[in-house]
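Colleague: just coords:
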């Protein structure tokens, strides 16, 4: 019979991986467990924050329902503002709504305080609202070049103009730019077209 030769096999890469896993099994298990725990904690925090945000919006919606039913008081509006200012995504809306509600009650001091809380994106709307309420004198001409309320500012500039030639110039510009505006009809009806 022939003698068998013992062959020495080189360690294949699979054996190296197997050896590494055997030697570091506990560390690998801890790392995987920590990753799973981190994902679960992240998901839990995200869910908590979303639920908190939705609860805040629901609470603000409850106030809005009260306001539409005619329940308007300074205390209720103050609660609405205090809760709404803490929700950053609706903060400016809450302030504008509160300004409207305070104006219904004739509380001009509260309106002045709230108007300063509006973000930069709402400066024009705030100026328009405060101008309409005769709380703040706003030069309408500063919004005639670039504005999303441009027709309203033209209308106000025409009404505010003391000089007849300025009024005519503004009226012509307004008529060219907004020929189908209802505000143009009002100016014509009131005889402010000349």
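Modeller: Perfect, I can see it now. Keep in mind that this is a model prediction, so the values were computed, not measured. Numbers count the residues shown, from 1 in each chain.
Colleague: so what's the most centrally placed residue in the chain up against?
Modeller: Centroid check for the chain by Cα atoms, centre = their mean gives residue 89 as the closest residue, at 4.1 Å. By Cβ atoms under 8 Å, 6 or more residues apart in numbering, the residues touching residue 89 are residue 53. Yep, even glycine has a C-beta here, placed from its N, CA and C like the rest.
Colleague: what about residue 49, how many neighbours?
Modeller: Other residues near residue 49 come to 10 when the count uses other Cβ atoms under 10 Å.
Colleague: try the one 4 residues further on
Modeller: Neighbour count for residue 53, taken as other Cβ under 10 Å: 14.
Colleague: Could you identify the helix or strand that succeeds the host helix or strand of it?
Modeller: Assigned by DSSP states H and E, residue 53 belongs to helix 13-68. On the C-terminal side of helix 13-68, the closest following helix or strand by DSSP H and E is helix 74-85.
Colleague: who touches that next one?
Modeller: 56, 59-60, 63, 66-67, 90-91, 93-95, 97-98, 101-102, 105, 107, 110, 114, 117.
Colleague: helix, strand or coil for residue 118?
Modeller: Secondary structure state of residue 118, per DSSP: H, G, I helix; E, B strand; the rest coil, is coil.
Colleague: list the contacts for it?
Modeller: By Cβ under 8 Å, 6+ apart, the residues touching residue 118 are 92, 95, 96, 125, 126.
Colleague: May I see the PyMOL selection of the buried members of the contacts of helix 74-85?
Modeller: In PyMOL syntax, the buried subset of the contacts of helix 74-85 is picked out as below (16 or more other Cβ atoms under 10 Å):
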select buried, resi 56+60+63+66+67+90+91+94+95+97+98+101+102+107+110+114+117
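Colleague: now residue 130: how far from residue 106?
Modeller: 15 Å (Cβ to Cβ, to the nearest Å).
Colleague: so how many other residues sit close to residue 46?
Modeller: There are 10 residues near residue 46, going by other Cβ under 10 Å.
Colleague: Let me know the pLDDT of it.
Modeller: For residue 46, the pLDDT comes out at 95.
Colleague: Repeat that for residue 2.
Modeller: We have a pLDDT of 57 for residue 2.
Colleague: repeat for the one 5 residues further on
Modeller: You'll see residue 7 listed with a pLDDT of 61.
Colleague: try residue 182
Modeller: 86.
Colleague: Could you give the number of residues near it?
Modeller: Number of residues near residue 182 (other Cβ under 10 Å) recorded here: 9.
Colleague: any idea how far it lies from residue 188?
Modeller: Relative to residue 188, residue 182 is positioned 11 Å away (Cβ to Cβ).
Colleague: re the thing from before, where does the residue nearest to the centre of the chain land in three-state SS?
Modeller: The three-state assignment at residue 89 reads helix, by three-state DSSP.
Colleague: Spatially nearest residue to residue 141 (excluding sequence neighbours)?
Modeller: In space, and not counting its chain neighbours, residue 141 is closest to residue 157: 5.7 Å by Cβ to Cβ, 6 or more residues apart in numbering.
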